[in-house]
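> Got a predicted structure plus its sequence, pasted below:
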2 protein chains.
Amino acid sequence: METISENRCFGGVQGVYKHDSNTCGCEMTFAVYLPPQAEESPVPVLWYLSGLTCTHENAMTKGGLQEHAARHGLAVVFPDTSPRGEGVADDDAYDLGQGAGFYVNATRSPWKPHFRMYDYVVNELRDIVTKGFPVLDRHGITGHSMGGHGALTIAMRNPDLFDSLSAFAPIANPTQSDWGRKQLSAYLGDDEAAWSDHDATLLLEDKGWKGDILVDQGGADQFLELLKPDALAGMMTRCRQPGTFRMQKGYDHSYFFVNSFAGDHIAWHAERLN
Amino acid sequence: METISENRCFGGVQGVYKHDSNTCGCEMTFAVYLPPQAEESPVPVLWYLSGLTCTHENAMTKGGLQEHAARHGLAVVFPDTSPRGEGVADDDAYDLGQGAGFYVNATRSPWKPHFRMYDYVVNELRDIVTKGFPVLDRHGITGHSMGGHGALTIAMRNPDLFDSLSAFAPIANPTQSDWGRKQLSAYLGDDEAAWSDHDATLLLEDKGWKGDILVDQGGADQFLELLKPDALAGMMTRCRQPGTFRMQKGYDHSYFFVNSFAGDHIAWHAERLN
């Protein structure tokens, strides 16, 4: 693991690191914010998964998470959203290939060799962060848009590994959306049975989540038809899933939305992880 | 004035606008954050001047000011740092020309026709903001690096127009620095007598500031030799200037530094403007 940069931030350290990933077969970059409390003793970890087109950097610089993480004593990890590099397959579309890993393990060509973001987050990077930083093996997970999809699906499939869960405007029902069908077909093939493990609404019905879930959705989001929050909210209600679904009047899909509710999500996770 | 974008943010609105500037002779873009309180009644305005290479956008997305402005009921204006466009002079260096207006009115070719950022901020944009948004004609001013230089010099030269003042890692003594001598020479000519109106340390000695000043400086700033905070702190002390100069251990020159102390600066201005 190599340090790219470390900047003091709210009394802690915002770092950016890179490493050769065995899982993705390429060099991967990620960011970790360590709050000041980590200088005294290990702290819990919140995973923040980003959306389409993002790298580790977008939420790190625009999400406004550090101030609240410093107050509550949480580390925050910002993984990249896909493998990258010259030898890695890509597509001209912004929503397939590099920048659009969808947190799955691809089984189809040309994506199969590198696009293994599910295993990367759940296993390899989790191991690196837990061993390489002063953190507890106690994890929460959240994310925005495609990253909200990642957070919901990864948590429900791994309740032993995560103890708190939230999402910002997640892609909520990708098997029924153009943000989903195209990518799941490309990465996993046309047999839709393989897709259900990557659909938050279907997983909620199948497995549910052991704790309570916080979901924030902007009421003026320009992508409501693609995100399908109604499917998720409906299923949460039908399954009597403990949790809070908040429709936030006037907010769109931007980082200004994430920023506005970052404090609430950090507090939500801190309460459940500390 | 044309609206480029408006996003809901912490219950208020983060807007970006453009207009044809008479002062700069080109189209200029600026951003205004209106806190939720502005829906009820006009609010005071804080001007945030940005540093070298920045546009209106950098601090708007990375400065972390809105959360605190929403809490305290301040509008925040983010001007660009120079005129821009095809007909506007430029230089290959990052620290001269477009992105590097230094908040002066250029008197020398090729800069004279457009580089009038002093007049633009103090008069034209101030007028546009005061008339076009639900704000009081009650203003504070701050900024980072070159923008801290702009805030200090503009405020001290216009005590009737501004009522609160702070700076993040300002260029503090540009007549004695390579961040200053090169630009003041290019924009104002080689007669150094014309430069003293644009040097915070010299203005402090000559005029001082009617109120108290808050300055934050990162102790691990990579540009200490260019910023010359020692000149400013020394002069503040020699002049018995009311104020607070804080050397912040371990912080560098990045937006992580600005972000970390944005809350303190917003509170400082709110206390003096409300």
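That came through fine.

> quick one, what contacts the closest residue to chain B within the stretch 101-250 of chain A?
Across the stretch 101-250 of chain A, the shortest distance to chain B (Cβ to the nearest Cβ) belongs to residue A:250, at 4.2 Å. Bear in mind the C-beta positions are built from the backbone N, C-alpha and C, glycine included. The contact partners of residue A:250, by Cβ atoms under 8 Å, 6 or more residues apart in numbering or on different chains, come to A:218, A:219, A:220, B:8.

> Greatest separation within those: which pair is it?
A:219 and B:8 (9.1 Å; Cβ to Cβ).

> Which of those two has more residues huddled nearby?
Ranked by neighbour count (other Cβ atoms under 10 Å in any protein chain shown), residue A:219 and residue B:8 place residue B:8 first, with 21 against 14.

> part of a strand, is that one?
Yes: Residue B:8: assigned to a strand according to DSSP: H, G, I helix; E, B strand; the rest coil.

> Against residue B:3, how distant is the residue nearest the centre of chain A?
Nearest to the geometric centre of chain A sits residue A:49, at 2.2 Å (Cα atoms, centre = their mean). Using Cβ to Cβ, to the nearest Å, residue A:49 is found at 32 Å from residue B:3.

> list the residues that contact both of residue A:219 and residue B:8?
Common neighbours of residue A:219 and residue B:8 (Cβ under 8 Å, 6+ apart) are A:250, A:251.

> ok so, going back, just the ones in helices from the contacts of residue A:250, please.
Taking DSSP state H, every one of the contacts of residue A:250 sits outside helices.

> Next, the residue of chain A positioned farthest from its centre: phi, psi?
No residue in chain A sits farther from the centre than residue A:40, which is 27.5 Å out by Cα atoms, centre = their mean. In terms of degrees, to the nearest 10, the main-chain angles of residue A:40 are phi -90, psi -50.

> In stretch A:188-204, which residues are buried?
A:188, A:194, A:195, A:197, A:198, A:199, A:200, A:201, A:202, A:203, A:204 (16 or more other Cβ atoms under 10 Å in any protein chain shown).

> ok, residues contacting stretch A:186-200?
A:96, A:102-104, A:106-108, A:111, A:115, A:149, A:152-153, A:156-157, A:167, A:170-175, A:180, A:184, A:202-203, A:206, A:232.

> mind running it again at 6 Å?
Contact with stretch A:186-200 is made by A:96, A:104, A:106-108, A:111, A:152-153, A:172, A:174-175, A:184, A:202, A:232, as judged by Cβ atoms under 6 Å, 6 or more residues apart in numbering or on different chains.

> buried sites along the longest helix belonging to chain A?
In chain A, ranked by residue count with DSSP H as the criterion, the top helix is helix A:255-273. Neighbour-count burial for helix A:255-273, counted by 16+ other Cβ under 10 Å, picks out A:255-263, A:265-266, A:268-270, A:272-273.

> Does anything pack onto that helix? Which helices or strands?
helix A:66-72, strand A:135-143, strand A:164-168, strand A:213-218, strand B:2-9 (3 or more Cβ pairs under 6 Å, 6 or more residues apart in numbering or on different chains; DSSP states H and E).

> Dump these to JSON lines, plus mean pLDDT and distance to residue B:65.
As requested, the helices and strands packed on helix A:255-273 are exported to JSON lines (pLDDT from 0 to 100; distance: least, Cβ to Cβ, whole Å):
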{"stretch": "helix A:66-72", "mean pLDDT": "98", "distance to residue B:65": "11"}
{"stretch": "strand A:135-143", "mean pLDDT": "98", "distance to residue B:65": "23"}
{"stretch": "strand A:164-168", "mean pLDDT": "98", "distance to residue B:65": "21"}
{"stretch": "strand A:213-218", "mean pLDDT": "97", "distance to residue B:65": "21"}
{"stretch": "strand B:2-9", "mean pLDDT": "98", "distance to residue B:65": "10"}
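
> Most tightly packed of those?
Ranked by mean neighbour count, the helices and strands packed on helix A:255-273 are led by strand A:164-168 with a mean of 28 (mean count of other Cβ atoms under 10 Å in any protein chain shown).

> export that one as PDB, just CAs?
Output of strand A:164-168 as PDB, limited to C-alpha atoms (Å, rounded to 0.1, in the frame of the first residue of the first chain):
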ATOM      1  CA  SER A 164     -25.500  -0.400  10.400                       C
ATOM      2  CA  LEU A 165     -27.000   0.600   7.000                       C
ATOM      3  CA  SER A 166     -28.200   3.700   5.200                       C
ATOM      4  CA  ALA A 167     -28.400   5.000   1.700                       C
ATOM      5  CA  PHE A 168     -28.700   8.300  -0.200                       C
END
